[in-house]
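1. Dropping the sequence and predicted coords here.
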Amino acid sequence: MDVRDAKGGIGISKSGLMFLAEQLRLYPAEVYEVATTYPSTKFVSPTPAVEKAATDLDSEWRVAPAKSASFFGGLVDGSNGSTPPRSLADYRESGGYEILHILKSDPTAADDLMQKVAALNLKGRAGAGFPVARKWKQAKRSAGTPVVVVNGNEGELGVFKDRFILENEPHAIIEAALVVAHVTGADHVFIYLQDEYKFAQSIFAKAVAETMQAGLAETVTLDLRRSGGAYICGEETTLIASLEGRAGRPTERPPYPSEMGYKGRPTIVHNVETFFRLRRAWGAQSDVEIPVSRLLDPNTSLFSVTGRVRNPGPKLMSNLLRLVDLLDLAGGLSRGVELGGMVVGGSCGTLISAVDCERPLPDLVQNGLTLGTGGVFVFSSKDDRRAIAFEMAAFAARESCGKCGPCRIGSKKAMETLVSNGPLDTVLIDELSTVMAEASLCGLGRNAGRFLKTLPSYFGDPQP
Ligand SMILES: Cc1cc2nc3c(=O)[nH]c(=O)nc-3n(C[C@H](O)[C@H](O)[C@H](O)COP(=O)(O)O)c2cc1C
Ligand code: SF4
């Protein structure tokens with residue numbers, strides 16, 4: 001339902017909401033509850049023309065743009081400076097969609113591919129590193145026809161690695177999703193894109209239409225969806241809730257989505273980068289013309305580098321030995337800047353001191369550091385570390401869906417503790433972090449707890 005106010009703002013009016021409730025046979029409070037879990041939904045005062053439009057069932061529901069990520073930086077929409085996305089013709093010329101053809105014509109090929117993926121020990125790239133083949137097997141074993149979801153919600157501040165892939169290689173993602181559908185017997189593929197990724201959305205709208213016109217997805221429904229602007233909607237059970245039109249809040253696991261997900265069907269949710277890397281399983285090679293294709297090398301990682309560097313952006317790196325080595329790729333530190341440290345793993349990641357950035361990465365990983373979503377925010381020795389920690393706690397507090405107390409209350413309390421000017425209450429921070437890490441329902445609260453755990457030791461250092 002497209003609803004505009006007198007200034008042209010897009011959102012939903014009170015009467016539009018009442019109308020939806022009536023049509024859906026729900027209480028207005030239920031519709032209001034669902035709508036308010038999505039930050040993109042804006043409530044507007046309608047013009048008379050809008051009131052009329054609100055009664056037109058065929059018009060499309062549209063929502064206003066969500067807030068923009070700030071502090072940690074990011075890319076301006078459609079400005080990654082790379083080459084235009086590969087067209088369907090180019091993609092097919094370099095062997096694209098051939099594997100689908102083979103799968104359709106050779107009944108043994110699907111099992112072979114499944115075995116190859118298992119042998120390659122491909123792990124999901126969303127951060128947790130769950131084995132890909134195990135998820136597929138779970139889905140095949142479970143009751144019902146599977147569903148495949150490309151998770152392109154990418155909502156952490158300063159993280160844009162998936163966007164880099166989406167804007168460069170739409171057909172690689174579509175083909176990989178269709179291949180997963182074929183191998184697991186799925187008949188529906190959702191491509192779920194972040195609300196703010198307008199450029200990627202337009203690229204995918206075209207690429208999906210081209211794929212369908214070319215008859216490459218005859219047995220599978222390709223369904224392009226735009227998220228509602230909430231970071232939590234990247235969490236798989238929340239993503240599924242939003243696809244079903246429910247409020248954007250996680251549900252407890254088990255059952256895991258690969259056993260029982262979208263409308264009770266087994267649902268395979270993978271990160272965009274996972275789909276891209278899957279192409280290695282059928283022999284797709286790195287192509288010098290397409291920078292993102294270097295990801296087909298398992299030793300290459302993709303980082304989103306922002307902050308006090310001369311050349312921020314997506315950076316492909318093979319065999320990263322120390323975090324400081326990323327600085328060279330980003331053109332070095334900005335002029336006159338001395339390294340203060342890095343936030344690694346995005347806005348839900350970990351603060352690392354300048355000294356630790358020089359240490360061998362395996363040592364840090366052994367002590368519990370995870371690179372997570374590959375976000376790296378570089379800060380200077382003059383930047384206020386406490387303000388950075390505050391921004392991270394504020395992100396968790398803002399994005400918390402409020403379903404469970406440890407995260408809803410703990411993240412706000414942590415924010416308040418960090419904003420005060422006095423000495424850091426390390427005992428309170430430690431208690432909050434334990435409760436959040438151990439008692440939160442989903443990864444948002446648990447990760448925020450883990451990040452808080454590292455703070456007391458970090459702020460034990462003298463402030464610059
Ligand atoms: C708060 C939260 C946000 C998440 N956001 C994303 C996201 O934007 N993209 C993503 O691929 N996975 C995200 N995940 C992880 C998903 O739940 C899921 O594990 C992932 O899509 C699986 O992908 P993989 O198998 O490729 O690793 C998030 C998890 C949590 C707890
Ligand atoms: S941990 Fe936070 S985001 Fe996750 S369910 Fe609980 S309140 Fe919601």
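-> In hand now; what should we look at? Ligands and ions are numbered 1, 2, ... in the order given.
2. Residue 326 and residue 304 touch, don't they?
-> No. In this structure, residue 326 is not within contact of residue 304 by C-beta atoms under 8 Å, at 10.6 Å. Placement of C-beta: from N, CA and C, glycine included.
3. what is in contact with the two at once?
-> When contacts are counted by C-beta atoms under 8 Å, 6 or more residues apart in numbering, the set common to residue 326 and residue 304 consists of 315, 376.
4. More neighbours: the two, which one.
-> Legend: neighbour count by other C-beta atoms under 10 Å for residue 326 and residue 304, higher for residue 304 (28 against 20).
5. Let's verify the more buried one: helix, strand, or coil?
-> Classification of residue 304 using DSSP: H, G, I helix; E, B strand; the rest coil returns strand.
6. Check residue 126 too.
-> Following three-state DSSP, the label given to residue 126 is coil.
7. Now do the contacts for the spatially closest residue to it that is not a sequence neighbour.
-> Distances taken as C-beta to C-beta, 6 or more residues apart in numbering place residue 271 nearest to residue 126, at 3.9 Å, with adjacent residues excluded. Taking C-beta under 8 Å, 6+ apart as the criterion, residue 271 is in contact with 124-126, 151, 162.
8. what are the phi and psi angles of residue 271?
-> Here is the backbone geometry of residue 271 (degrees, to the nearest 10): phi -70, psi 150.
9. Looking at strand pairing, list the partners for it.
-> Following DSSP bridges, residue 271 is listed with bridge partners residue 151.
10. mind checking how far it is from ligand 2?
-> Remark: distance between residue 271 and ligand 2 (C-beta to the nearest ligand atom, to the nearest Å) = 19 Å.
11. how far away is that residue from residue 336?
-> 37 Å (C-beta to C-beta, to the nearest Å).
12. swap in residue 347?
-> The gap separating residue 347 from residue 336 is 26 Å, by C-beta to C-beta.
13. How about residue 349?
-> Counting by C-beta to C-beta, the gap from residue 349 to residue 336 is 26 Å.
14. Neighbours of the nearest residue to residue 445 once chain neighbours are set aside, how many?
-> Excluding its sequence neighbours, the residue lying closest to residue 445 (C-beta to C-beta, 6+ apart) is residue 407, at 2.9 Å. Burial of residue 407, expressed as a neighbour count using other C-beta under 10 Å, amounts to 27.
15. isn't there a strand covering residue 407?
-> No. When classified by three-state DSSP, residue 407 is found to be helix rather than part of a strand.
16. what sits against it?
-> Residues touching residue 407, when contacts are defined by C-beta under 8 Å, 6+ apart, comprise 396, 400, 436, 440-442, 444-445, 448.
17. Which two of those have the greatest separation?
-> Comparing all pairs in those by C-beta to C-beta, the longest separation belongs to 396 and 441, at 13.5 Å.
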